[in-house]
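> Provided below for reference: sequence and predicted model.
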Amino acid sequence: MIRADHLTRKFGARVAVEDLSLDVQRGEILALLGPNGAGKTTTLRMLTGLIAPTSGTVWVHGEAMDRSTAARLRGHIGLLTEAPGLWERLTVRENLLVYARLQGLDAPATRVERALDLFEIRDRARDLAAELSKGLKQRVALARTLLHNPDILLLDEPTSGLDPESARDVRELIVRLREDGRAVVLSTHHLDEVDRIATRVAVLSTRLIAADTPAALRGQLFGIRVRITIAGEAQRYVSALERIGIRNVHVDEKVMSIDLSQMPVDTPAVVRALVGAGADIEAVTPEQPPLEDVYLRLLAERVSAQHEPRA
Amino acid sequence: MKRIAALIGKDFADLRRHPGLFWPAGLTATIALVLPFVVAIAIPRITGELLSDSSDFQIAAEMYRSQSGARDLDAEGAIQAWILQQFLPLLVLAPIAGSMSIAAASVVGEKQARTLEPLLATPITTFELLAAKVLGALLPSIALTFVCFGLYVGLAAAVARAGVFWILLAPRSLAVAFLLGPLAALAALQLAVCVSSRTNDARSAQQIGALVILPLGGVLVAQLTGSFALTVPVALSIAAALLLFDAVLMWIGIALFDRESILTRWK
């Protein structure tokens, strides 16, 4: 639905984004991760056509975005900026109505009334935007972003500064939008949020460091690990695992942690081997390093690669 | 046009809830409205000395009464009409000065409130955005000018010598109020909006926009000193020049409105 093809953006001598390529399809949530200044907001602005890339192309539904097509292609895109950007002295309804008209929608008032219901903000429709909590402002901003029914959503830190309950509401809303078949690109610093809702992750630090599903990134960096809890002494069953070729087993009393990433067997085979050896298994859980560890390791690898002496 | 109307509607709704922004316009317009009557009517009544008793004014009055429309006035009425007509450009310019604060804050205000980026993410064109911002300040200014002009004529009919108010309805006065005033306002407010889109501070825009008023203020002074006569042909010539200047200003405004710089360099 939206594709970035070798995007580079320079501001004078400073390179904000370098040779970035990514592709987001219907029903996907791609999370852009990166430290401050990594180029996330610049990327979203280029994808929206608000700023032009120095080189490279943005494709929306197979059509290249340029000066002549940007305004029209923006009709497919909804951008949620980092700040809700509501007109504070206008009511919620007025804010939405102005945007419905700016988007050139037919029957703007009807669209607004529908949005008020969809986002459950009808009871606050007459309130000035200034009177809303930050969470509600974000909800109104999301309603505004979706007024013209875009199929591509670009969300810049949508839960930044929200309390946990409001953040959860916004996350649920984003998931609903993905389920409706929209393509979502999400810039955020909240790694737990990414873990919960993103189908793919792109880690940026001016360049694209990695892009894949969270599980695949974990697997690439930390291997595939499984934790098995056994009633009794786990050490007794290590030999049963060695017989099926598993060497790398870490045992701590009744818990064994196994790295399966380079192994010829999968978790069911491990469980079968243990049960066959008479083990009484209490729990089998995949051992997932936090996404934060994945993210920090990717950034650290990027830094060390930059400082490596060239041959 | 729909997008321009939508944004103007938004600016008006915003202004309705922030009436303090009208105070400068209202105050300057009130001063411009009252001042000529103080000079032409109140002071002579308070001091008991007619303006026509002054030899300086007598010469002016005789010259003035040579014009058609003023021949039927007595000496005092002619001087009153002359003063009220000389001060008319001030009355027309005063609401512009007041509206300048609205125009100056138009784009920079959106930037400061962080509402500009979502606005620019809509299909709105630069021309539509700038036109809406200029008209959002211009329309209240013109409305105020017309109200002030109506009050000016009404006050003249009520307190000045009989027939004086007709002078204010002569083509020359109407050209100043309904042609020069709006066109000058358009130029000043366009300049303020242009600067507002290039600055981080509404005050800079206000100061630079006000520069347009200076030449028109000069016209007022030149009239009062007698070195310049704002006749109908002169008013039409100035109007034509202003119209051209307004078109050039819009073109410059669009060229200077760099969305990328506004979004990326301004924090």
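Nice, thanks for sending it over. Just so it is clear, the model here is predicted, and its values are computed rather than measured.
> strands of chain A, residue ranges please.
A:2-11, A:14-24, A:29-33, A:55-60, A:63-64, A:77-80, A:152-156, A:183-187, A:200-205, A:207-212, A:225-230, A:249-252, A:255-259, A:281-287 (DSSP state E).
> what's the burial count for whichever residue of the stretch 201-311 of chain A sits closest to chain B?
Closest residue of the stretch 201-311 of chain A to chain B, C-beta to the nearest C-beta: residue A:206 (15.3 Å). From N, CA and C alone the C-beta is placed, and that goes for glycine too. Counted with other C-beta atoms under 10 Å in any protein chain shown, residues neighbouring residue A:206 total 21.
> would you list the phi and psi of it?
Main-chain dihedrals, residue A:206, degrees, to the nearest 10: phi 70, psi -50.
> thought it was touching residue A:14?
No - counting by C-beta atoms under 8 Å, residue A:206 does not reach residue A:14; the two are 9.5 Å apart.
> got a markdown table for the strands of chain A, with mean neighbour count and mean pLDDT too?
Compiled in a markdown table, the strands of chain A are given as follows (neighbours: other C-beta atoms under 10 Å in any protein chain shown; pLDDT from 0 to 100):
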| stretch | mean neighbour count | mean pLDDT |
| --- | --- | --- |
| strand A:2-11 | 18 | 92 |
| strand A:14-24 | 18 | 91 |
| strand A:29-33 | 25 | 91 |
| strand A:55-60 | 18 | 93 |
| strand A:63-64 | 12 | 92 |
| strand A:77-80 | 26 | 91 |
| strand A:152-156 | 24 | 92 |
| strand A:183-187 | 25 | 92 |
| strand A:200-205 | 22 | 88 |
| strand A:207-212 | 18 | 83 |
| strand A:225-230 | 19 | 86 |
| strand A:249-252 | 14 | 86 |
| strand A:255-259 | 19 | 85 |
| strand A:281-287 | 13 | 86 |
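> what's the closest of those strands to residue B:48?
Of all the strands of chain A, strand A:77-80 sits nearest to residue B:48, with 71.3 Å by C-beta to C-beta.
> keeping just the C-alphas, turn that closest one into PDB.
Extracted in PDB, the C-alpha atoms of strand A:77-80 (Å, rounded to 0.1, in the frame of the first residue of the first chain):
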ATOM      1  CA  ILE A  77      -3.100   8.900   4.000                       C
ATOM      2  CA  GLY A  78      -4.100   9.900   7.500                       C
ATOM      3  CA  LEU A  79      -1.300  11.500   9.500                       C
ATOM      4  CA  LEU A  80      -1.500  11.800  13.300                       C
END
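> paired strands for that strand, with orientation please.
strand A:152-156 (parallel) (DSSP bridges).
> show me where pLDDT drops low in chain A?
A:262-264, A:307-311 (pLDDT under 70).
> any idea how far whichever residue of it sits closest to chain B is from residue A:14?
Going by C-beta to the nearest C-beta, chain B is nearest to residue A:101 of chain A, at 3.5 Å. Using C-beta to C-beta, to the nearest Å, one obtains 38 Å as the distance from residue A:101 to residue A:14.
> same list (the strands of chain A) but as JSON lines, adding distance to residue B:50.
Formatted as JSON lines, those follow (distance: least, C-beta to C-beta, whole Å):
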{"stretch": "strand A:2-11", "distance to residue B:50": "70"}
{"stretch": "strand A:14-24", "distance to residue B:50": "74"}
{"stretch": "strand A:29-33", "distance to residue B:50": "80"}
{"stretch": "strand A:55-60", "distance to residue B:50": "77"}
{"stretch": "strand A:63-64", "distance to residue B:50": "79"}
{"stretch": "strand A:77-80", "distance to residue B:50": "70"}
{"stretch": "strand A:152-156", "distance to residue B:50": "72"}
{"stretch": "strand A:183-187", "distance to residue B:50": "77"}
{"stretch": "strand A:200-205", "distance to residue B:50": "82"}
{"stretch": "strand A:207-212", "distance to residue B:50": "85"}
{"stretch": "strand A:225-230", "distance to residue B:50": "105"}
{"stretch": "strand A:249-252", "distance to residue B:50": "111"}
{"stretch": "strand A:255-259", "distance to residue B:50": "108"}
{"stretch": "strand A:281-287", "distance to residue B:50": "103"}
